[in-house]
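Engineer: the following block contains a protein sequence and its predicted model.
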Amino acid sequence: MLSQLLDNFPYLLSGAGKTVEISAASIVLSSVIGLFVALLQVFGNVPVRTLILVYLYVNRGVPLLVLLFAMYYVLPFAGINVQPFLGGILVISIYFGAFMGEVFRAAINSLPKGQWDAARSLGMRRPLMLCLVIFPQALRLAAPPFFNTCMVLIKSTSLVSIIGVWELTMAGREVVERTTAAFQIFAGVGFIYFCICYSLSRCGRYLEERLRYGH
Amino acid sequence: MIEIRNVSKRFGHLQVLRNVSLSVDHGEMVVIIGPSGSGKTTLLRSINFLEEYDEGEIEVDGEVIGYRLELGGRRVRRSERELASARSNIGMVFQSFNLFPHMTVLNNVMAAPVRVKRVARREAEARARDLLARFGLSEKVNEYPITLSGGQQQRVAIVRALAMQPKVMLFDEVTSALDPQLVEEVLAAMKQLAQEGMTMVVVTHEMQFARDVAHRVVFMDGGAVVEQGDPRRIFSCPTSERLRVFLKR
């Protein structure tokens, strides 16, 4: 019963490699976007915060699939042609940048006001205050929801197969079309996604433990 | 050392400071007492501009804090760089300690001298260890704040402020969050500082401490200075009715 899965497992693993590639690039880029979004919300003036709010509401209110279709089908009409692989990463990053921004903003804002007071009273200016006092503490608070968002991102990369990007889900569909062993193959695909996400969640737990005060 | 002239502050419609004037001489310890909501903490925080006062002027060691007066009498808010520089010479200790939980005791004390005043790391560490030893914390240098008692944390907070070699120390109800048995060790540390001639402004509810150690006691109520003077006179023969009522409680 497992023979079809075992025979095609190396092919699925190649697809997994592409999934990891897309996920890693998207996680890094969306984290950078999220950090900017969080800082602009915390420190920005009213016009800047308004623009950020529009970005947040749009990305949290529109399905990722719709945004991928917009990139793939609508942008060419505007003369903008983006390669699906790169376009998929960009859309996923911009989409999840909104969620990352809220994770980071919540972490920064949940720090006691006394930490800001203590840092300012010691003569620290904002960049030093952020690097030395705020970010190290916010990192600890942001870690659980950050890793949670990363796992949702990894699973969401399966949507890029809709716009023709080859990755784990598309590899699975190809094998199913060839073998008609849908249950075995998609069970295998699900198992690989689980392994990727479980590994990340273990990393997250390890980081949380390392960041515990008094460790 | 500290000159507060006609300072007023509002939070929305609420007037929290009303035309407050106060001076603190070099080496003097001034204790501010008063009921909750009288403006004591707001006044203290205005000295290092953690609260922005609306009117008046505050000078510390000849430098106007928070604002710069331009030609024509216009008041312009100082830049963040100028504010940070002024604050680095004014030490402050908070009711909730506000130690940095992700740093050891030693790093809590060393971080600002090294990163703000650009003191060499070795020199900053030596001074930090010396200060921690003076306040009985030598064995705690590599501990994290979460492992310390409240009294120990507050003493670390005092040392952290002193490590910046401030001209003035501000204390905002530093024993209010402590169990009674831990209060004494913190008050002893403050007495030690007063004996060494540090200029201090202390907001506290510890009346015995104010009576024993303060050079001058200031009573505030409703955002204004109601009465001030020698602690022996203030506590034994208050002239204002409001102070009499406050001390009776």
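Structural biologist: Right, received. Where do you want to start? Numbering: from 1, shown residues only, chains lettered A, B, ... in the order given.

Engineer: rest of the way, CA atoms for contacts and neighbours
Structural biologist: OK.

Engineer: in three-state terms, label the one residue in chain A that gets nearest to chain B for me.
Structural biologist: Per Cα to the nearest Cα, the residue of chain A with the smallest distance to chain B is A:G123, at 4.2 Å. At A:G123 the chain is in coil, as set by DSSP: H, G, I helix; E, B strand; the rest coil.

Engineer: where exactly do the helices run in chain B?
Structural biologist: Secondary structure of chain B (DSSP state H): helices located at B:40-47, B:80-87, B:105-115, B:121-134, B:150-162, B:180-195, B:207-213, B:231-236, B:241-248.

Engineer: export those helices as a markdown table, with columns for distance to chain A and mean neighbour count.
Structural biologist: Shown next, in a markdown table, are those (distance: least, Cα to the nearest Cα, whole Å; neighbours: other Cα atoms under 10 Å in any protein chain shown):
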| stretch | distance to chain A | mean neighbour count |
| --- | --- | --- |
| helix B:40-47 | 9 | 23 |
| helix B:80-87 | 4 | 19 |
| helix B:105-115 | 6 | 23 |
| helix B:121-134 | 15 | 18 |
| helix B:150-162 | 7 | 26 |
| helix B:180-195 | 18 | 16 |
| helix B:207-213 | 24 | 16 |
| helix B:231-236 | 29 | 17 |
| helix B:241-248 | 29 | 14 |
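
Engineer: now mean pLDDT too, for those, in TSV please.
Structural biologist: Converted to TSV, the helices of chain B look like this (pLDDT from 0 to 100):
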stretch	mean pLDDT
helix B:40-47	96
helix B:80-87	93
helix B:105-115	97
helix B:121-134	96
helix B:150-162	94
helix B:180-195	87
helix B:207-213	89
helix B:231-236	91
helix B:241-248	89
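
Engineer: the spatially closest residue to A:V160 that is not a sequence neighbour in helix, strand or coil?
Structural biologist: Excluding the flanking residues, the one nearest A:V160 by Cα to Cα, 6 or more residues apart in numbering or on different chains is A:G88, at 6.0 Å. Using three-state DSSP, the structure places A:G88 in helix.

Engineer: and A:G88, what does it touch?
Structural biologist: A:G88 is in contact with A:68, A:160, A:165, counting by Cα atoms under 8 Å, 6 or more residues apart in numbering or on different chains.

Engineer: could I get the pLDDT score of it?
Structural biologist: Listed pLDDT for A:G88 reads 94.

Engineer: can you report how many residues lie near residue 73?
Structural biologist: All of this refers to chain A. Neighbours of A:Y73 under the rule other Cα atoms under 10 Å in any protein chain shown: 12.

Engineer: wrong one, chain B
Structural biologist: If you count neighbours by other Cα under 10 Å, B:G73 ends up with 8.

Engineer: next: A:M129.
Structural biologist: Taking other Cα under 10 Å as the criterion, the count of residues near A:M129 is 18.

Engineer: and it, what does it touch?
Structural biologist: So A:M129 contacts A:116, A:119-120 (Cα under 8 Å, 6+ apart).

Engineer: filter the residues you listed down to the ones close to chain B.
Structural biologist: Contacts with chain B within the contacts of A:M129, counted by Cα under 8 Å from any Cα of the partner chain: A:R120.

Engineer: now secondary structure too, for the contacts of A:M129, in JSON lines please.
Structural biologist: Output for the contacts of A:M129, formatted as JSON lines (three-state DSSP):
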{"residue": "A:W116", "secondary structure": "helix"}
{"residue": "A:A119", "secondary structure": "helix"}
{"residue": "A:R120", "secondary structure": "helix"}
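
Engineer: specify the beta-bridge partners of the residue positioned nearest the centre of chain B.
Structural biologist: Against the mean C-alpha coordinate of chain B, by Cα atoms, centre = their mean, the closest residue is B:L170 at 1.2 Å. In this entry, B:L170 is beta-bridged to B:M92, B:V201, by DSSP bridges.

Engineer: quote the end-to-end distance of stretch B:72-83.
Structural biologist: Distance between the two ends of stretch B:72-83: 22 Å, counting by Cα to Cα, to the nearest Å.

Engineer: now the helices for chain A?
Structural biologist: For chain A, the helices defined by DSSP H cover A:3-43, A:46-61, A:64-69, A:84-109, A:113-121, A:126-129, A:135-156, A:168-179, A:182-210.

Engineer: mean neighbour count, those: which tops it?
Structural biologist: For the helices of chain A, the largest average neighbour count (mean count of other Cα atoms under 10 Å in any protein chain shown) is found in helix A:84-109, namely a mean of 22.

Engineer: so which residues on chain A come close to chain B?
Structural biologist: Counting by Cα under 8 Å from any Cα, the residues of chain A close to chain B are A:114-115, A:117-118, A:120-125, A:128, A:133, A:136-137, A:213-214.

Engineer: in TSV, list the contacts of A:M129 along with pLDDT.
Structural biologist: As requested, these are exported to TSV (pLDDT from 0 to 100):
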residue	pLDDT
A:W116	97
A:A119	97
A:R120	96
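
Engineer: report how many residues lie close to B:S8.
Structural biologist: B:S8 has 22 nearby residues by other Cα under 10 Å.

Engineer: let me fix that, I meant to ask about B:S38.
Structural biologist: Neighbourhood size, B:S38 [other Cα under 10 Å]: 19.

Engineer: that one contacts B:V225, correct?
Structural biologist: No - the criterion here is Cα atoms under 8 Å, and B:S38 misses it with B:V225 at 9.2 Å.

Engineer: any low-confidence regions in chain A?
Structural biologist: Along chain A, the parts satisfying pLDDT under 70 run over A:1, A:214-215.

Engineer: cutoff 80 now
Structural biologist: The model of chain A has pLDDT under 80 over residues A:1, A:212-215.

Engineer: tell me who's in contact with A:C150.
Structural biologist: Shown in contact with A:C150 (Cα under 8 Å, 6+ apart): A:I27.

Engineer: typed the wrong thing, it's B:D54
Structural biologist: The contact partners of B:D54, taken as Cα under 8 Å, 6+ apart, are B:7-10.

Engineer: only the buried subset of the residues you listed, as a ChimeraX command please.
Structural biologist: In ChimeraX, a selection of the buried entries from the contacts of B:D54 looks like this (16 or more other Cα atoms under 10 Å in any protein chain shown):
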select /B:7,8,9
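
Engineer: closest to A:V62 among the contacts of B:D54?
Structural biologist: Of all those, B:R10 has the smallest distance to A:V62: 43.7 Å, by Cα to Cα.

Engineer: got a list of contacts for stretch B:130-146?
Structural biologist: For stretch B:130-146, with Cα under 8 Å, 6+ apart as the criterion, the contacting residues are A:213-214, B:99-106, B:129, B:152-153, B:155-156, B:159, B:163, B:189.

Engineer: buried set for it?
Structural biologist: Buried, per 16+ other Cα under 10 Å, within stretch B:130-146: B:130-132, B:135, B:137-138, B:140-141, B:143-145.
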